[in-house]
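# Test case, fold it:
(chains A and B)
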Amino acid sequence: GAGVSQSPSNKVTEKGKDVELRCDPISGHTALYWYRQSLGQGLEFLIYFQGNSAPDKSGLPSDRFSAERTGGSVSTLTIQRTQQEDSAVYLCASSYAGLAPNEQYFGPGTRLTVT
Amino acid sequence: ILNVEQSPQSLHVQEGDSTNFTCSFPSSNFYALHWYRWETAKSPEALFVMTLNGDEKKKGRISATLNTKEGYSYLYIKGSQPEDSATYLCAHSSNTGKLIFGQGTTLQVKP
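Numbers count the residues shown, from 1 in each chain, chains lettered A, B, ... in the order given. Okay, the predicted model is just below:
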């Protein structure tokens, strides 16, 4: 079946602009996660959804970052007033439930470059 | 250990060599340990999820062991092939599934 998809695959934006990154999880997966990898850094947790609720937003780096999930499916990560330090690869993952230790299936990522 | 630490950071081996990497993680409140392989321009791919102390898992030429009491896991690759070239990520998870990753070990296998 279809895997996790993300769009766009690449995004170049000017500092100060808002961007939206989209994630389509595997059908039936109730848990959805956003991570990012900045240059020279490891993968960093951003936010976790169980259904449409986000019980853990602890990884969002600032209030410029927000995310929502609708219909228990698609999720959008929004970054307002982008800064150069927001440049990173943003990865989405989904799994059957929020209960570990289920495997998470990752999308191909969105490479965001803020100029 | 407060974070997940992986060593070495990078590794270059010849085709046919066997190799291993180390992952260290907080041993308190352990829930699960995950290994992923991340090839350039592809999605990270799950290799193993381990929960029990002493667990050993194997997939083809790749195997992993887990010691939850001392907080480490080893990943072994037997007879490395060029297609094994990738970054190998280790992560521990909480009961929500949130993954805390190490920096990864980048393996380059030369033909």
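# Distance of residue B:30 relative to residue A:63?
Distance, residue B:30 to residue A:63, using C-beta to C-beta, to the nearest Å: 33 Å. (Glycine included, C-beta is placed from N, CA and C.)
# and the residue of chain A found nearest chain B, what does it touch?
Chain B sits closest to residue A:101 of chain A, with a gap of 3.4 Å, by C-beta to the nearest C-beta. By C-beta atoms under 8 Å, 6 or more residues apart in numbering or on different chains, the contact list for residue A:101 reads B:31-32, B:34, B:49-51, B:93, B:97.
# which ones are touching the one residue in chain B that gets nearest to chain A?
In chain B, no residue comes nearer to chain A than residue B:32, which is 3.4 Å away by C-beta to the nearest C-beta. Residues in contact with residue B:32 (C-beta under 8 Å, 6+ apart) are A:100-101, B:49-51, B:92-93.
# Helix, strand or coil: sort out the nearest residue to it once chain neighbours are set aside for me.
Nearest non-adjacent residue to residue B:32, counting by C-beta to C-beta, 6 or more residues apart in numbering or on different chains: residue A:101, 3.4 Å away. Of the three states, residue A:101 takes coil under DSSP: H, G, I helix; E, B strand; the rest coil.
# any idea how far residue A:101 lies from residue B:28?
17 Å.
# Could you export stretch B:85-101 as PDB, CA atoms only?
Extracted in PDB, the C-alpha atoms of stretch B:85-101 (Å, rounded to 0.1, in the frame of the first residue of the first chain):
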ATOM      1  CA  SER B  85      26.100   2.300   2.900                       C
ATOM      2  CA  ALA B  86      23.800   4.600   4.900                       C
ATOM      3  CA  THR B  87      23.300   6.400   8.200                       C
ATOM      4  CA  TYR B  88      22.200   4.100  11.000                       C
ATOM      5  CA  LEU B  89      20.100   5.800  13.600                       C
ATOM      6  CA  CYS B  90      19.300   4.600  17.100                       C
ATOM      7  CA  ALA B  91      16.400   6.000  19.200                       C
ATOM      8  CA  HIS B  92      14.700   5.300  22.400                       C
ATOM      9  CA  SER B  93      11.000   5.800  22.700                       C
ATOM     10  CA  SER B  94       8.500   6.600  25.500                       C
ATOM     11  CA  ASN B  95       5.100   4.900  25.900                       C
ATOM     12  CA  THR B  96       3.700   7.500  23.400                       C
ATOM     13  CA  GLY B  97       6.100   6.400  20.800                       C
ATOM     14  CA  LYS B  98       8.000   9.700  20.700                       C
ATOM     15  CA  LEU B  99      11.500   8.900  19.400                       C
ATOM     16  CA  ILE B 100      14.600  10.500  20.900                       C
ATOM     17  CA  PHE B 101      17.400   9.900  18.300                       C
END
